[in-house]
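K.L.:
only geometry, no sequence info:
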């Protein structure tokens, strides 16, 4: 059973950095799971931020975060990371990690089977 737990959110000033972590406490990363990070701001739909394949060879980034965010994973630690630099107020949202065994479109939230509870990121101007 995949059990995802996010951490690392908080309040940061514009231009600052945060690193989010997503741990599979169910230790099912032995399987071949893709991991995606999504975010949802108040009054807005959930949107894809980044995604990474099992071996980390392929990654995807939304245009809005390209060059500022980096997704990575350490399968030995059952952990996926989202390093967020040069944060902007518009990055403020609840950030979720999600897992799926396969997806035709890594940006599509509907293709992910397991979700964490989310972690709040607030960027002040």
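P.N.:
Received, thanks. Note that the structure is a prediction, hence the values are computed from the model and not measured.
K.L.:
tell me which element the most centrally placed residue in the chain falls in.
P.N.:
Nearest to the mean C-alpha position of the chain, by CA atoms, centre = their mean, lies residue 37 at 2.3 Å. Element membership of residue 37 [criterion: DSSP states H and E] is strand 34-40.
K.L.:
what sits up against that strand?
P.N.:
Residues from elsewhere that reach strand 34-40 (CB atoms under 8 Å, 6 or more residues apart in numbering): 20, 22, 46-54, 71, 73, 80, 82, 91, 93-103, 106-107, 109, 112, 118, 121. The way it works is simple: take the backbone N, C-alpha and C, and place the C-beta from them, glycine included.
K.L.:
Residue 110 looks like it's in a helix, true?
P.N.:
Yes. According to DSSP: H, G, I helix; E, B strand; the rest coil, the state of residue 110 is that of a helix.
K.L.:
Look at it and say how many residues are nearby.
P.N.:
8 (other CB atoms under 10 Å).
K.L.:
Could you tell me how far it is located from residue 69?
P.N.:
According to CB to CB, to the nearest Å, residue 110 stands 22 Å off from residue 69.
K.L.:
same check, this time on residue 85
P.N.:
Counting by CB to CB - residue 85 and residue 69 are separated by 7 Å.
K.L.:
Then residue 38?
P.N.:
The separation that residue 38 has from residue 69, given CB to CB, amounts to 12 Å.
K.L.:
Tell me the residues that contact both of those two, please.
P.N.:
residue 49.
K.L.:
Quickly find the element holding the closest residue to residue 65 other than its chain neighbours.
P.N.:
Distances taken as CB to CB, 6 or more residues apart in numbering put residue 49 closest to residue 65, at 5.7 Å, once the chain neighbours are dropped. Using DSSP H and E, residue 49 sits in strand 47-52.
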